[in-house]
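Asks: Turn this into a structure:
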Amino acid sequence: MSDTTQDITAQDITAQDMTAQQAGAASGAPDTTPAKPKKKDDGFFLFLIKLVAVVLIFRSFIFAPFSIPSESMLPALENGDYLLAAKWPYGYSKYSLPFDAPLIPGRILSGLPEHGDVVIFKHPVDGSDYIKRAIGLPGDTIEMRNGELFINDAAVKKERIADFAIPVSPNTSCAWGAAIEMQPDGSRECVYARFRETLPSGRTYNVLDFGPTPQDNFGPIVVPDGHIFVMGDNRDNSQDSRFPATPGGGVGMVAEEDLVGRATVIMWSTDGGAEWIKPWTWFTAARWGRIGSSL
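Replies: You can find the predicted model right below:
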């Protein structure tokens with residue numbers, strides 16, 4: 001009798017609840033039944049979209065990574081360096097965007113480099129990324145006399161300092177102007193004659209000089225409006241504004257519109273000796289002393 005009574009009572013209560021709900025609906029009273037939370041299936045994808053947007057904005061307008069594939073900027077930059085370039089100093093163009101997307105007409109917020117800036121730009125012929133030092137600005141007269149740089153007919157101070165030595169590695173081979181020295185541990189180093197140049201502004205940087213070469217004499221030439229004259233710090237091993245623009249070769253005068261950014265800091269450097277299947281080489285190949293160096 002007890003079980004039967006409980007069943008009847010439960011049915012009566014359920015029937016009363018349904019009658020009350022129907023009466024409430026008929027009278028226009030609000031339904032107070034808690035709503036089930038909606039499942040946010042698109043939450044993760046929305047997060048990814050936002051993340052990609054932030055990365056693209058950062059890379060396009062603030063900083064972008066670049067790698068150094070050659071030795072034309074020794075001793076400041078070595079093959080295997082990875083650096084960050086500031087995107088805002090020289091303004092923005094399609095070259096500021098991924099894949100050079102033509103979404104920015106011309107160049108906006110444009111500005112010229114300062115003498116001595118290390119600039120990244122697009123090669124005027126093949127469109128690849130190049131990095132050199134800005135030596136001449138519009139209106140400047142640039143000349144090389146027996147390996148000595150002149151800006152507006154004034155000699156840039158050049159003084160001999162301690163030799164530059166760099167270990168031989170998969171990313172470093174000794175050029176024709178280097179002396180090869182054996183180390184006690186059996187390794188080899190490339191040793192170059194190093195000089196310090198001081199611009200009229202007082203800014204200094206170091207260059208390498210292998211000895212007499214044809215490009216030691218150049219000009220005089222006046223930098224035209226809207227262009228800059230660039231040179232590699234490795235003076236005898238750099239295809240720069242002293243050479244006509246050719247695919248994979250000289251760059252001629254670099255147009256302001258081809259500027260991409262200003263090199264600022266080295267964030268990673270490797271001698272090229274790392275192997276993916278040997279994780280410990282990821283650390284032994286790193287040039288730890290270069291990481292964080294400003295330019």
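Asks: Where do the strands of the stretch 101-250 of the chain begin and end?
Replies: 118-122, 129-136, 141-145, 148-151, 154-155, 157-167, 179-182, 188-198, 204-208, 218-222, 227-231 (DSSP state E, counting those that start in this stretch).
Asks: Please list the outside residues in contact with the second one.
Replies: It refers to strand 129-136. 66, 68, 72-73, 77, 113-123, 142, 149, 151, 205, 223, 228-233, 238, 240-241, 251, 254, 260, 263 (C-beta atoms under 8 Å, 6 or more residues apart in numbering). To be clear about C-beta, it is placed using only N, CA and C from the backbone, and glycine gets the same treatment.
Asks: who does it pair up with?
Replies: Take DSSP bridges as the rule and strand 129-136 pairs in its sheet with strand 118-122 (antiparallel), strand 227-231 (antiparallel).
Asks: swap in the fourth one?
Replies: Taking DSSP bridges as the criterion, strand 148-151 forms sheet pairs with strand 141-145 (antiparallel), strand 154-155 (antiparallel).
Asks: most tightly surrounded among the ones you listed?
Replies: strand 141-145 (a mean of 17; mean count of other C-beta atoms under 10 Å).
Asks: Run the angle between it and strand 218-222 for me.
Replies: Angle, strand 141-145 to strand 218-222, by axes from the mean of the first three to the mean of the last three C-alpha atoms, to 10 degrees: 170 degrees.
Asks: Include distance to residue 50 and mean pLDDT when you put the strands paired with strand 148-151 into TSV, please.
Replies: TSV is the format used below for those (distance: least, C-beta to C-beta, whole Å; pLDDT from 0 to 100):
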stretch	distance to residue 50	mean pLDDT
strand 141-145	47	97
strand 154-155	53	96
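Asks: Out of those, the one nearest residue 192 is which?
Replies: strand 141-145 (18.7 Å; C-beta to C-beta).
Asks: Let me know the distance separating the spatially most central residue of the chain from residue 264.
Replies: Central residue of the chain (C-alpha atoms, centre = their mean): residue 65, 2.7 Å from the mean position. Applying C-beta to C-beta, to the nearest Å, the value for residue 65 to residue 264 is 11 Å.
Asks: Can you pull the residues that touch both of these two?
Replies: 83-85.
Asks: returning to what we had before: lowest mean pLDDT across the strands of the stretch 101-250 of the chain, which one is that?
Replies: Of all the strands of the stretch 101-250 of the chain, the minimum mean pLDDT falls on strand 179-182 (a mean of 92).
Asks: Each with direction, which strands does it pair with?
Replies: Counting by DSSP bridges, strand 179-182 is paired with strand 188-198 (antiparallel).
Asks: Please identify the buried residues of the partner strand?
Replies: Neighbour counts over strand 188-198 (16 or more other C-beta atoms under 10 Å) mark 189-195, 197 as buried.
Asks: got the angle for that strand vs strand 157-167?
Replies: 160 degrees.
Asks: From the chain's centroid, how far away is strand 188-198?
Replies: Centroid displacement of strand 188-198 relative to its chain, using C-alpha atoms, centre = their mean, to the nearest Å, is 25 Å.
Asks: tilt between it and strand 204-208?
Replies: Computed by the same axes, to 10 degrees, the angle between strand 188-198 and strand 204-208 is 140 degrees.
Asks: can you give me the helices in the protein?
Replies: Taking DSSP state H as the test, the helices found in the chain are 2-27, 43-61, 281-284.
Asks: which other residues reach the last one?
Replies: Yep, that's helix 281-284 we're talking about. Under C-beta under 8 Å, 6+ apart, the answer for helix 281-284 is 273-275.
Asks: one step back: dump the buried residues of strand 188-198 to TSV, plus distance to residue 176.
Replies: Supplementary listing: the buried residues of strand 188-198 in TSV, determined by distance: C-beta to C-beta, whole Å:
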residue	distance to residue 176
189	16
190	11
191	13
192	11
193	13
194	16
195	18
197	22
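Asks: wait, which of those is closest to residue 286?
Replies: Nearest to residue 286 among the buried residues of strand 188-198, with distances taken as C-beta to C-beta, is residue 189, at 18.1 Å.
Asks: just checking, the closest one touches residue 167?
Replies: Yes - counting by C-beta atoms under 8 Å, residue 167 is a contact partner of residue 189 at 5.4 Å.
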